[in-house]
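Novice: this one's structure only:
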């Protein structure tokens, strides 16, 4: 696929690398000449890190990278014959509106426009005739390591365009999550924001230091999340207990819901979690003993790997 990446900064140069490694022909541009110039070295450095880690074939040399990613000063040259246009410019609504207006005149009519916006509802900024081919494809830094990509369309985005974007992301070995509709922050950032709110409350009210908080996350949450996520963990905990915890407001920050309609619906259907064979997920007829055993083996393997890697070393952590 011919991919045009607009914006060569923190995310743009990294996305150019992602699409190049995914086998696409990439053109990269930026209205800041220095950013476009620096993109070359940044991509080379990231590629070297991936090679050293064995994440890409040694055949991916700098020369091969630059054959796959061409840099252009002109927006018109960048988007000419593009099939996918990745917008990765600043989070400024007026700047994006102006860019979309330019693209309306310059880009092929059948080109997909995918914004990397992390928080803006860009759809009202897009010219009417481009709406059906426009969506959000939001990546996380660094996207050549972090696989998640939020794929979000509007009511006017053609379903086939959403499917195409999902397939393109998945074909590169990444993990697309297609959301039903736009919401600021998508899923991962909203969960992260909720954690942040509670973290600051714990520090500000004198319950814990930054070191305490990171130890709790690294040695508690972080061990289970890569294996179970949150919803599968709920199935292993048991949905009745999760319901009881939701109703217990004693340690939850406001505002706290009295109930979850989704959780209540699962319980009403007898989907109580792993012990019932079904909860949020269908556990394939395997016994609880089999499932708990598999979970434990995976957790131990991850624990060994994390022990070998070790956490980032830091000093202090008193919050003062």
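Specialist: The structure has been received and is ready for your questions. These numbers come from a predicted model, not from an experiment. Numbering: from 1, shown residues only.

Novice: Low-confidence ranges, the stretch 51-200 of the chain, go.
Specialist: By pLDDT under 70, the stretch 51-200 of the chain has no low-scoring segment.

Novice: Now do the helices in it.
Specialist: In order along the chain, the stretch 51-200 of the chain carries the following helices (DSSP state H, counting those that start in this stretch): 62-68, 75-79, 93-106, 159-171, 188-204.

Novice: Tell me, how many residues neighbour the residue nearest to residue 129 when sequence neighbours are not counted?
Specialist: Of all residues beyond its chain neighbours, the one nearest residue 129 is residue 104 (7.2 Å), with distances taken as Cβ to Cβ, 6 or more residues apart in numbering. To be clear about C-beta, it is placed using only N, CA and C from the backbone, and glycine gets the same treatment. Residue 104 sits with 15 neighbouring residues when counted by other Cβ atoms under 10 Å.

Novice: Residue 104 and residue 98, how far apart?
Specialist: 11 Å (Cβ to Cβ, to the nearest Å).

Novice: now residue 67
Specialist: Relative to residue 98, and taking Cβ to Cβ, residue 67 is found at 32 Å.

Novice: mind giving me the domain split of this protein?
Specialist: 2-178, 188-309 (automatic domain parsing).

Novice: Tell me the secondary structure at residue 266.
Specialist: Following DSSP: H, G, I helix; E, B strand; the rest coil, the label given to residue 266 is helix.

Novice: The residue lying closest to it once chain neighbours are set aside: what's it in contact with?
Specialist: Nearest residue to residue 266 in three dimensions, chain neighbours excluded: residue 239, at 5.6 Å (Cβ to Cβ, 6+ apart). Contacts for residue 239 (Cβ atoms under 8 Å, 6 or more residues apart in numbering) come out as 263, 266, 267, 271, 272, 273, 279, 280.

Novice: Read off the pLDDT value for residue 239.
Specialist: Note for residue 239: predicted pLDDT of 94.

Novice: what do you get for residue 249?
Specialist: At residue 249, the predicted lDDT confidence score is 59.

Novice: Hmm, residue 81 and residue 3 touching each other?
Specialist: No - contact criterion Cβ atoms under 8 Å: residue 3 and residue 81 do not qualify, at 11.0 Å.

Novice: higher neighbour count, these two?
Specialist: Each of residue 3 and residue 81 has its neighbours counted (other Cβ under 10 Å); residue 3 has more, 25 against 11.

Novice: what helix or strand is that one on?
Specialist: In the assignment (DSSP states H and E), residue 3 maps to strand 2-6.

Novice: Now find how far off-centre the longest helix belonging to the chain is within its chain.
Specialist: Longest helix in the chain by number of residues, with DSSP state H as the criterion: helix 288-309. Distance of helix 288-309 from its chain centroid, counting by Cα atoms, centre = their mean, to the nearest Å, is 24 Å.

Novice: And it, what's buried?
Specialist: Using 16 or more other Cβ atoms under 10 Å as the test for burial, helix 288-309 gives 291, 295.

Novice: Which strands and helices lie in contact with that helix?
Specialist: With contacts taken as 3 or more Cβ pairs under 8 Å, 6 or more residues apart in numbering; DSSP states H and E, helix 288-309 sits against helix 222-228, helix 231-237.

Novice: Can you tell me which of those is most buried?
Specialist: helix 231-237 (a mean of 19; mean count of other Cβ atoms under 10 Å).

Novice: Can you name every helix or strand that that helix contacts?
Specialist: helix 222-228, helix 288-309.
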